[in-house]
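Novice: my questions are about this predicted structure, shown below with the sequence.
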Amino acid sequence: MSRDLWFIAGMTALCAVGVGVVGALVVNRVRRVSLVAAMVVTALVPVAVVALAVWVNVGAMFLSEHDAAVARLVLGLSSLPAVVLAVVLGRFVLADVRAVGAQARGLGTGARLPAASPVTAELAELSSELARTRGRLEASRERERALESARRQVVAFVTHDLRSPLSGVGATIEGLKDGVITDTTTAYLGIGAAVERMGRMIDDLTDLSRPDGPAPSRRPQMVELSTVLTDVLAHSAPAAVAQDVTLVVDVQPGLEVMGRPDELARVLDNLVGNAVRSSGGGGTVRVAGYRHDGQVRVAVEDTCGGIPAEERAHVFEEGFQGGGAHGERRRETGSTGLGLAIVETVVAAHGGRVDVEPTDAGCLFEVRLPAPGQTTATVLQD
């Protein structure tokens with residue numbers, strides 16, 4: 001290789017090293033300020049190497065001043081597209097980065113932003129992954145909200161149901177003190193049954209934290225309704241006596257359903273307790289149990305004065321009190337409006353339904369449960 005070529009190669013290498021070092025320092029400085037500036041500098045580094053090398057080598061050659069100027073002009077103009085393209089691409093990438101950044105910030109705040117559509121494949125993949133992550137986070141938040149709602153509902157239901165036996169015990173004690181209740185044996189049995197029920201409700205709260213599900217004693221089993229009704233009526237009788245309400249019971253023997261005894265007791269206790277409180281002095285509450293159309297039915301009829309037709313569709317909603325004489329009595333007795341919501345929830349979990357119909361003197365609530373061996377759309381879960 002001739003001496004001139006060695007000179008050109010050496011000068012070109014020297015220019016490349018010098019411009020490369022300067023370019024690296026500049027890129028390292030401006031990348032913290034602007035992505036566009038860093039991309040422009042990166043695009044200019046090879047152009048600057050070529051330009052400087054040609055400039056130096058042309059100056060060392062024996063060319064006329066006109067030829068050297070032409071070479072330098074052509075080199076400078078041909079470098080402009082690289083600068084323009086670097087600026088345009090940098091702006092596109094910067095816009096994509098900002099859009100993806102906003103998408104990422106939305107993950108923490110929960111704000112719904114339109115999905116970014118980056119022009120670069122790498123940022124598009126990042127945007128898609130952020131969208132999938134958003135979906136998983138939203139599903140997790142929804143599950144958390146559902147769990148919190150369920151927890152609040154359970155606490156409200158148990159609190160309501162604890163109030164019912166407590167009020168029954170209080171009424172029984174008052175009746176014994178005042179001499180209104182003379183059958184002390186039945187009264188003591190009623191108090192004992194109420195205490196046992198409250199203990200089982202507290203055990204139910206413990207079951208919520210069991211990783212292996214409910215205790216075997218509270219899993220679905222064959223339940224004889226007459227036994228459940230006996231306990232419920234023993235608890236409700238003192239309150240009925242204290243309020244001068246007559247209880248009339250007519251239950252066919254041998255009525256059995258598959259379910260949880262404690263939960264079925266909650267249903268019947270709420271219905272009978274509501275009927276006693278709503279009927280008022282001199283009223284009558286009739287409880288009937290029978291089999292009909294492959295179902296086991298329990299009907300509780302009261303003399304509450306009736307529920308307006310427009311309100312009957314809402315009586316099973318949480319917190320609903322209603323108007324009229326029925327609603328007035330419920331408010332006077334401190335009703336929270338949860339009892340009938342509990343009834344509907346438990347009956348539905350047992351594959352049944354509960355309805356309310358008007359009567360001449362009040363209302364009739366009828367619980368319909370599938371008889372053993374009947375198939376239903378709802379399956380009682382362990």
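Specialist: Done, it's in.

Novice: what ranges do the helices span in the stretch 1-150 of the chain?
Specialist: 3-30, 35-60, 65-109, 121-178 (DSSP state H, counting those that start in this stretch).

Novice: which secondary structure elements does the third one contact?
Specialist: Spelled out, it's helix 65-109. Counting contacts by 3 or more C-beta pairs under 8 Å, 6 or more residues apart in numbering; DSSP states H and E, helix 65-109 packs against helix 35-60, helix 121-178. (C-beta placed from N, C-alpha, C; glycine too.)

Novice: domains in the protein, by residue range?
Specialist: When the chain is parsed into structural domains using automatic domain parsing, the resulting residue ranges are 3-119, 155-370.

Novice: lowest average confidence, helix or strand, in the protein?
Specialist: Within the chain, no helix or strand scores below helix 324-332, which has a mean of 52 by mean pLDDT, DSSP states H and E.

Novice: how about the helices of the stretch 1-150 of the chain in CSV, adding mean pLDDT and distance to residue 370?
Specialist: Shown next, in CSV, are the helices of the stretch 1-150 of the chain (pLDDT from 0 to 100; distance: least, C-beta to C-beta, whole Å):
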stretch, mean pLDDT, distance to residue 370
helix 3-30, 77, 76
helix 35-60, 73, 67
helix 65-109, 73, 47
helix 121-178, 76, 23
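
Novice: to residue 277, which of these lies closest?
Specialist: Closest of the helices of the stretch 1-150 of the chain to residue 277 is helix 121-178, at 9.0 Å (criterion: C-beta to C-beta).

Novice: between the domains of the chain, which one is nearest to residue 138?
Specialist: Each of the domains of the chain was scored for nearness to residue 138 using C-beta to C-beta, and the closest is domain 3-119 (7.9 Å).

Novice: need the contact list for the closest residue to residue 353 other than its chain neighbours.
Specialist: Nearest residue to residue 353 in three dimensions, chain neighbours excluded: residue 368, at 5.3 Å (C-beta to C-beta, 6 or more residues apart in numbering). Shown in contact with residue 368 (C-beta atoms under 8 Å, 6 or more residues apart in numbering): 295-297, 347, 352-355.

Novice: list the contacts for residue 180?
Specialist: Residues touching residue 180, when contacts are defined by C-beta under 8 Å, 6+ apart, comprise 174, 241-242.

Novice: neighbour-wise, give me the winner out of these.
Specialist: Neighbour count (other C-beta atoms under 10 Å) singles out residue 241 as the most crowded of the contacts of residue 180, with 20 neighbours.

Novice: I'd guessed that residue sits against residue 176; true?
Specialist: No: distance between residue 241 and residue 176: 10.7 Å, which falls outside the contact criterion (C-beta atoms under 8 Å).
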